[in-house]
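> sequence and predicted structure, then a few things I'm wondering about:
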Amino acid sequence: MSTFTFETTPRVICEIDGALRLGQLCRELKAERVLLVSDPGLLRAGLLDAPLAAMREQGVQVTLYSDVQADPPVAAVLDAVEVARGCSAQAVIGLGGGSSLDTAKLVALLCSHEQSLESIYGNNLAKGPRLPLIQVPTTAGTGSEVTAVAIVTTPSHEKKGVVSPLLYPDIALLDARLTVGLPAAISAMTGVDAMVHAIEAYTSVHKKNVLSDGLAVQALRLLAGNLDRVLAEPGDLAARSDMLLGSMLAGMAFANAPVAAVHALAYPLGGQFHVPHGLSNALVLVPVLNFNRSAAEPLYAQLASAVLPQQRFANAAEACEGFIDFITRLVARMPFAQRLHEVGVTSQDLSRLTEDALKVERLLINNPRPLNRDDIHAIYASVL
């Protein structure tokens, strides 16, 4: 019998228009004053109007912090903490993409316990308690609503992570209605991001277990089966719900069986060039899969059945090839940049990217095949 530990968010609500119940959920958490953390794009799009109105009608005093930035800088997170303290928030709601959810996690933590953000980078250095926390994703990508990680960008443009079970929210609320208005490029980037979470959880050399495996396979099945559909029919609520569910399941998987080289190579692209995280992952995904092929062939072969359920393969090598070919074709047809030079990277930048990727050792050690400096440089060069 295998030995492992599995942790996740204790309560999940999956419901169309469930965001209109946020006031009720706050009252269940005994919170009358709440900070809602989101971003300017959602505010402009009007996606916050109905949830805010419903909460206020239900007697909850809501303060809105809508200045979240992509790849949240440390200064912006600390600004949000001050807003939460200023309104004496009794709970925090993150409503948005991964940056909003990560910011909300850290606000709930830092508001409730005096500790500097810099002192808690790494594993299990944070101290509790934290404020009650509800996470409402508006993209089907990060899975942050069920992970114990929050990523910030330091003033030196490095990505730093706070990893602690304290960051699991009390409630994850999946409301597919909130994802309907996403631009096609964002749906594509976040969808591929979630697929990366599932793939890397399934092939992680540390903490991989039977529960994370099952979640990763089901996540990949849902994501691969619905991503093209939501791009072709953006208003399809059933497909949107399946994407949100797939993203969450992938989040549960990689929260317990951590991600690896794709993410390690993606982080410097976000930190140095402000490339959206999902796109960063997509840009390096295929070359990392090809690099890993010799070590991960049996695992990629097993994943082929999730993305190509009707296809039969003669052996593991053929199934592995089918899986990588499927992912290659899927990424190539997505409506986003396909090469590093399209996001501003030049050949002179590759050495700096390589050195920064080498620093992400906490993820590189999970990769099925070890990478050295030359390997990382070659992967970047292959997609320049």
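Yep, that arrived.

> what residues of stretch 318-332 count as buried?
Using 16 or more other CB atoms under 10 Å as the test for burial, stretch 318-332 gives 319, 320, 321, 322, 323, 324, 326, 327, 330, 331. For every residue, glycine as well, the C-beta is placed using N, CA and C.

> work out the gap between the strand or helix carrying the fifth one and the centre of the chain.
Put plainly, it is residue 323. Counting by DSSP states H and E, the element that carries residue 323 is helix 316-332. Distance of helix 316-332 from its chain centroid, counting by CA atoms, centre = their mean, to the nearest Å, is 23 Å.

> mind checking the longest helix of the protein?
Secondary structure of the chain per DSSP state H: the longest helix is helix 277-307.

> quick check: angle from that helix to helix 316-332?
Comparing the axes of helix 277-307 and helix 316-332 via axes from the mean of the first three to the mean of the last three CA atoms, to 10 degrees yields an angle of 140 degrees.

> other SSEs contacting helix 277-307?
Using 3 or more CB pairs under 8 Å, 6 or more residues apart in numbering; DSSP states H and E as the contact test, the elements touching helix 277-307 are helix 184-203, helix 210-232, helix 261-273, helix 316-332, helix 373-382.

> give me that answer again for 10 Å
helix 98-112, helix 184-203, helix 210-232, helix 261-273, helix 316-332, helix 373-382 (3 or more CB pairs under 10 Å, 6 or more residues apart in numbering; DSSP states H and E).

> let's have the ones you listed in TSV, adding distance to residue 297 and mean pLDDT.
As requested, the helices and strands packed on helix 277-307 are exported to TSV (distance: least, CB to CB, whole Å; pLDDT from 0 to 100):
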stretch	distance to residue 297	mean pLDDT
helix 98-112	31	95
helix 184-203	10	97
helix 210-232	17	97
helix 261-273	16	94
helix 316-332	4	98
helix 373-382	18	98
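
> could I get the ones you listed as a markdown table with distance to residue 123?
Rendered in a markdown table, the data for these read as follows (distance: least, CB to CB, whole Å):
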| stretch | distance to residue 123 |
| --- | --- |
| helix 98-112 | 15 |
| helix 184-203 | 17 |
| helix 210-232 | 18 |
| helix 261-273 | 16 |
| helix 316-332 | 30 |
| helix 373-382 | 23 |
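
> for the residue nearest to the spatial centre of the chain, list the residues it contacts.
In the chain, the residue lying closest to the centroid (CA atoms, centre = their mean) is residue 142, at 1.8 Å. Residue 142 sits next to 96-102, 149, 151, 190, 193-194, 197, 247-248, 250-251, 277-278 when contact means CB atoms under 10 Å, 6 or more residues apart in numbering.

> ok, whichever helix or strand residue 93 is part of: who's next to it in the sheet?
Assigned by DSSP H and E, residue 93 belongs to strand 91-96. Strand pairing for strand 91-96, determined by DSSP bridges: strand 33-37 (parallel), strand 133-137 (parallel).

> assign the closest residue to residue 271 other than its chain neighbours to helix, strand or coil.
Of all residues not flanking residue 271 in the chain, residue 157 sits nearest, at 4.5 Å (CB to CB, 6 or more residues apart in numbering). Per DSSP: H, G, I helix; E, B strand; the rest coil, the local secondary structure of residue 157 is coil.

> what about residue 157, neighbour count?
15 (other CB atoms under 10 Å).

> residue 190 and residue 104, how far apart?
17 Å (CB to CB, to the nearest Å).

> who has more neighbours out of the two?
Set side by side, residue 190 and residue 104 give different neighbour counts by other CB under 10 Å, the larger being at residue 104 (34 against 30).

> wait, the more buried one sits on residue 170?
No - between residue 104 and residue 170 there is no contact under CB atoms under 10 Å: 11.7 Å.

> returning to what we had before: closest to residue 291 out of the buried residues of stretch 318-332?
Set against residue 291, the nearest of those by CB to CB is residue 324 (10.8 Å).

> show me what contacts the closest one?
Residues counted as contacts of residue 324 (CB under 10 Å, 6+ apart) are 286, 289, 290, 292, 293, 296, 297, 300, 303, 304.

> need the pLDDT of the first one.
Reading off the per-residue confidence, residue 286 sits at a pLDDT of 98.

> what about the nearest residue to it once chain neighbours are set aside, distance to residue 383?
Among residues not flanking residue 286 along the chain, residue 328 sits closest, at 5.1 Å (CB to CB, 6+ apart). Using CB to CB, one gets 12 Å for the distance from residue 328 to residue 383.
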